[in-house]
Each structure stands twice: as structure tokens, then as C-alpha cells.
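[1] What follows is a predicted structure for the sequence shown.
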Amino acid sequence: MIASLTLATGYAVPATTSNSMELLGYYENWNTVKWWDNDIPGNCAMGCAVPQAFMEQIAPYSSLNYGFTFLVETPNPDQVACTTPSTCPLWDGDGIYIAAKSKSGATVVDASTTAADLTPGLVGVGEACRLARMAPSSGPHRCKISLGGWSDWARLGSAASAKQVAALASKMVLFSFADGVDLDFEHLTPFDAQFGGEMEAYVTLVTELRAALADAAKGWGAAVDARAAKLTTMNASVPSWQKRDYYTTNLKYLAELKANGAPTLELSYTTRFNAFLPDPTGDPWNYLLPGSPVPNSTFATDDEGGKLWAKIGSAVDSVNVMAYDAGTDAGPLQLNFTTIASNFIAGGVPASKLYLGFEPGEQAGGGAWEGQDADLKWAADAKAAGLAGTFVWAINPDAGSAGAAAAPKLAAALKQATGAGWPARFGPPPTYSKVDAATGWLP
């Protein structure tokens, strides 16, 4: 374990013995879900978490990011690039989506959405966050919504569009009673290079969303009241023999949401391992381990964070580093996670906001997992340097994959090794009733 992170320039971060590290997990909303649950008002047309499996999967984690919601009308996980306005279109100015816009219920939020009448997408997100908070053996967990992701090829295009998206994203948080937004915009540099204006639009999105989340926190109580009033009215109209556990549990949950008050509504910036470099023109590969393949060409996204941070840093609560999917024509890169963290810190990101990300099992783009032992070493270094935490992609990988077996083992090991728990920087943990793990309802 290192005593500090040090660059060749002599920049150092003092070591700390803090035990308040967070363990964050990304929840894949297409796995371990149920569809079309008619006992849930608003329905699960876009999927709701299966309670028992969900409780088991999130148990080691302090927090989860619900992924994904999109700006693009047709998310396509097989798309790897775009060169024309038809393959990377401008956002349509209408809504935020959870699936292809053409699907019934796919619009999570638009200008007409209210706290009383939730869309199927908001029902799915809201139920995941409720289960995370009311988990009987491991809760409460924080629960944010990821906006963007590798499938999202829609461009903001302008400051005006960015302001609209910020308003909708804050509305999405407020009406699902989530703990904030994770901005996972993975195509900023190529969009900016091909079409212009995307980096500045992103800056507008971040700064406007910071203000919009502050307004959402002020409106928390009113939104809870509106939702509770609607459920109370609906429950009164249901015959006694059809009374549903959904109403009893959610009305209790809403009362507790109001009593606890608005949580700290977090805004996180997710980016890649090469987003900060000490000298992009000198050594763009300083984060590689000895013996790693070295590509013949650099990444288009090199130092993307360095170009943005001065403009967005004060608005961002957390920075998630995707230190995976590092496949190249020369072979999978072998990453030095400690140097990556040091690059971010030297670029101005406080260690207390920084999370290192691991992907156990298969990786996209020809990347290769470094293994659990290596991840535990890097996590120990991160703890010694006072980083905010680590994260895992994903909580619930596809069944039968190597990740499905490796992810829960890594999460449990990270929790034990780092002492991860409720993130103290967001205040004391709130108090919620505990549901039955098998049903997700109050006993």
C-alpha cells in the first residue's frame, strides 16, 4: 500500500486512514426485472426490479446508479461510432427515454409529466430506489439515475437544448425521489470535433442541472404530498378484496420520505481513464503499467476532463472513472489505477470526489479484466489516498456471463477491504421501514 500518490512532477496527495469510502454499483435495468406488473399503478411496462434478487445483488453496495436513461430516440448497444447527423442526431427536444421512443411507455419524463401521474419509466426507477432504501438487511442505499451511456448517440447541440435537458433531468429525479443524476456522456469529444459546440453545451447542462437540483430539493415535500394524495385517492377506490400491498407500502414510504427531507441531490460526472493527463503532448501513456501494449495512436478523448473541469468542477459532487474497456489494436491495455487517480487529482479533481471503477469478467472493446487481486490492491491504494470510493460495472451482469459470477465476489471483497459503507459526506443515513425481501412490501 502506498503512503501517497505522487507524480513525476512531485505533486502529492497526503495519505489518510478514513474508513468512509463508498462502494457504488451500476444497476442494469434490463436484467433481473419483471415486466407488466398490473398490481403496480403505472405498471412495469419498462421493467421493475425483482425484489429478492435485487436485495441480494445490492447488499454489498453503499449506493447504486440506475442505468440507463437516454436522450436518443433509438438506443443501440451495437453502435460504436457515428459520422452523420442521422447516426448521431440532435436531441429531439421532447423527453428523456428509457427505451426506444417508439415503445409504449418509453418516455420517462417530458414537459407534461407530473408528480401525481408517473410514467412506467418513473415507476421502475422509483421502485428501485424505494427497494434500495427499504432493504431489510443492508439498507438504506443511495440511488441515482444515470443519464447517457454508450448507447446514447444523441447530441445536445446547443445551450438552449442543454437547459431543457437539465430541467427534465431534475424533474426525473424529483418525481422518482432519487438521490441525484449521473451524467454518463461518452461521446463529447467526437461530437464536438464533427459538429462543434458539444463541449460547451455539456458545460451548460452541468451548471444548469446544478441549479435545477437545488430547486428540486426545495420542492421535495410538495412532490411527496402530490404523489401521496394521488395514491390515497386511488387506494380508496379499490374494492377491499383488491387492496394491494403497493399502496400500503408506498404510502408509508412517502411519509418517511417527507419526514427524512430531501437528501443531498448528487451530480456525478462519469468519464474515462484518459480524461486527465499530466502532459498530453509529452507522455499520453503515463497510466500504463510496464509491459502493457502501447497503441500507435492516442485516444480522441485524451484530456477531455482537463478541458472541462475548470468550468464544471464546482458543480460536480462526484467523478466516476471508467478504468476498463481499454481494448486497442495493440491489445488490451494494462492500466495503473494509482497513476490514473493521480492524473485526475493533479488536474484539479479533489480526492474526496473521486471514484475508481472496475469491470469484472468480460469487457467491451477488447478490454481485459486485471483480476480481483489487482482490484483489491488498487482499492487499498485509493483508500490510503483518501479517494471517495470505488465502483463496479455492473451489479447484475447478464446471467451466465463471467461477470455474473465475478461481480458479486468482487463487490463483497471490496466492501470488506475498504470498509465501505454509507457515504458520510452526504450526511447521516436516513431511517426507513424494512420490507420483506421476498416481496418488496411491508410485512
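    Looks like it came in fine.

[2] Strands along this structure, start to end?
    In the chain, the segments counted as strands under DSSP state E are 5-6, 12-13, 22-28, 33-34, 48-49, 63-69, 96-97, 107-109, 142-148, 180-184, 266-272, 318-322, 354-358, 389-393.

[3] Distance to Asp117 added to those, as CSV?
    Glycine gets a C-beta too; all of them are placed from N, C-alpha and C. CSV is the format used below for the strands of the chain (distance: least, C-beta to C-beta, whole Å):
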stretch, distance to Asp117
strand 5-6, 49
strand 12-13, 48
strand 22-28, 25
strand 33-34, 22
strand 48-49, 17
strand 63-69, 18
strand 96-97, 16
strand 107-109, 11
strand 142-148, 19
strand 180-184, 22
strand 266-272, 26
strand 318-322, 31
strand 354-358, 35
strand 389-393, 33
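
[4] Which of those comes out lowest on mean pLDDT?
    The minimum mean pLDDT among those belongs to strand 12-13 (a mean of 37).

[5] before we move on, back to that, would you list the strands of the chain in a markdown table and tack on distance to Leu254 and mean neighbour count?
    As requested, the strands of the chain are arranged in a markdown table below (distance: least, C-beta to C-beta, whole Å; neighbours: other C-beta atoms under 10 Å):
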| stretch | distance to Leu254 | mean neighbour count |
| --- | --- | --- |
| strand 5-6 | 44 | 21 |
| strand 12-13 | 42 | 18 |
| strand 22-28 | 22 | 24 |
| strand 33-34 | 22 | 18 |
| strand 48-49 | 17 | 27 |
| strand 63-69 | 19 | 26 |
| strand 96-97 | 23 | 25 |
| strand 107-109 | 19 | 26 |
| strand 142-148 | 15 | 25 |
| strand 180-184 | 19 | 24 |
| strand 266-272 | 21 | 23 |
| strand 318-322 | 27 | 25 |
| strand 354-358 | 30 | 23 |
| strand 389-393 | 29 | 28 |
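
[6] wait, which of those strands is closest to Leu251?
    Nearest to Leu251, of all those, is strand 48-49, at 17.9 Å by C-beta to C-beta.

[7] now what about the closest one, what contacts it?
    Strand 48-49 is touched from outside by Tyr27, Thr32, Val33, Lys34, Asp37, Ile40, Val123, Gly124, Glu127, Ala128, Leu131, Gly440, with contacts defined as C-beta atoms under 8 Å, 6 or more residues apart in numbering.

[8] Buried residues in stretch 294-313, which are they?
    Of the residues in stretch 294-313, those with enough neighbours to count as buried (16 or more other C-beta atoms under 10 Å) are 295, 299, 301-309, 312-313.

[9] CA atoms of stretch 355-363 as CSV?
    Presented in CSV, the C-alpha positions along stretch 355-363 are these (Å, rounded to 0.1, in the frame of the first residue of the first chain):
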residue,chain,number,x,y,z
TYR,A,355,-14.2,7.0,-7.6
LEU,A,356,-12.2,4.3,-9.4
GLY,A,357,-14.3,1.9,-11.5
PHE,A,358,-13.7,-1.8,-12.1
GLU,A,359,-15.4,-4.2,-14.5
PRO,A,360,-15.0,-7.9,-13.5
GLY,A,361,-15.5,-10.5,-16.2
GLU,A,362,-15.9,-9.7,-19.9
GLN,A,363,-15.1,-6.2,-21.1
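
[10] quick one, phi psi at Phe177?
    Backbone dihedrals for Phe177, given as degrees, to the nearest 10, come out at phi 60, psi 40.

[11] Near the residue nearest to it when sequence neighbours are not counted, how many other residues are there?
    Spatially, and ignoring its direct neighbours in sequence, Phe177 is nearest to Leu257 (5.7 Å; C-beta to C-beta, 6 or more residues apart in numbering). The number of residues packed around Leu257, counting by other C-beta atoms under 10 Å, is 24.

[12] How about the contacts made by Leu257?
    So Leu257 contacts Phe177, Trp220, Val224 (C-beta under 8 Å, 6+ apart).

[13] how close does the first one sit to Met134?
    The reference is to Phe177. With distances defined as C-beta to C-beta, to the nearest Å, the gap from Phe177 to Met134 amounts to 12 Å.

[14] Over to Ser86?
    Using C-beta to C-beta, we find Ser86 at a distance of 44 Å from Met134.

[15] Looking at the two, which one has more neighbours?
    Counting neighbours by other C-beta under 10 Å for Ser86 and for Met134 shows that Met134 has the greater number, 25 against 7.

[16] lowest-pLDDT helix or strand in this protein?
    strand 12-13 (a mean of 37; mean pLDDT, DSSP states H and E).

[17] Which helix runs longest in the chain?
    Taking DSSP state H as the criterion, the chain has its longest helix at helix 198-218.

[18] now that helix and strand 266-272, what's the angle there?
    Orientation of helix 198-218 against strand 266-272 (axes from the mean of the first three to the mean of the last three C-alpha atoms, to 10 degrees) gives an angle of 150 degrees.

[19] okay, helix 198-218 in CSV with CA atoms only?
    Extracted in CSV, the C-alpha atoms of helix 198-218 (Å, rounded to 0.1, in the frame of the first residue of the first chain):
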residue,chain,number,x,y,z
GLU,A,198,-21.0,19.9,-27.8
MET,A,199,-18.4,20.6,-25.1
GLU,A,200,-19.9,24.0,-24.3
ALA,A,201,-23.4,22.6,-24.4
TYR,A,202,-22.3,20.0,-21.8
VAL,A,203,-20.9,22.7,-19.6
THR,A,204,-24.3,24.4,-19.8
LEU,A,205,-26.0,21.1,-18.9
VAL,A,206,-23.9,20.6,-15.8
THR,A,207,-24.2,24.2,-14.5
GLU,A,208,-28.0,24.4,-15.2
LEU,A,209,-28.6,21.0,-13.7
ARG,A,210,-26.8,22.0,-10.5
ALA,A,211,-29.2,24.9,-10.1
ALA,A,212,-32.2,22.7,-11.1
LEU,A,213,-31.4,20.1,-8.5
ALA,A,214,-31.3,22.8,-5.8
ASP,A,215,-34.8,23.8,-6.9
ALA,A,216,-35.9,20.1,-6.8
ALA,A,217,-34.7,19.8,-3.2
LYS,A,218,-36.9,22.8,-2.3
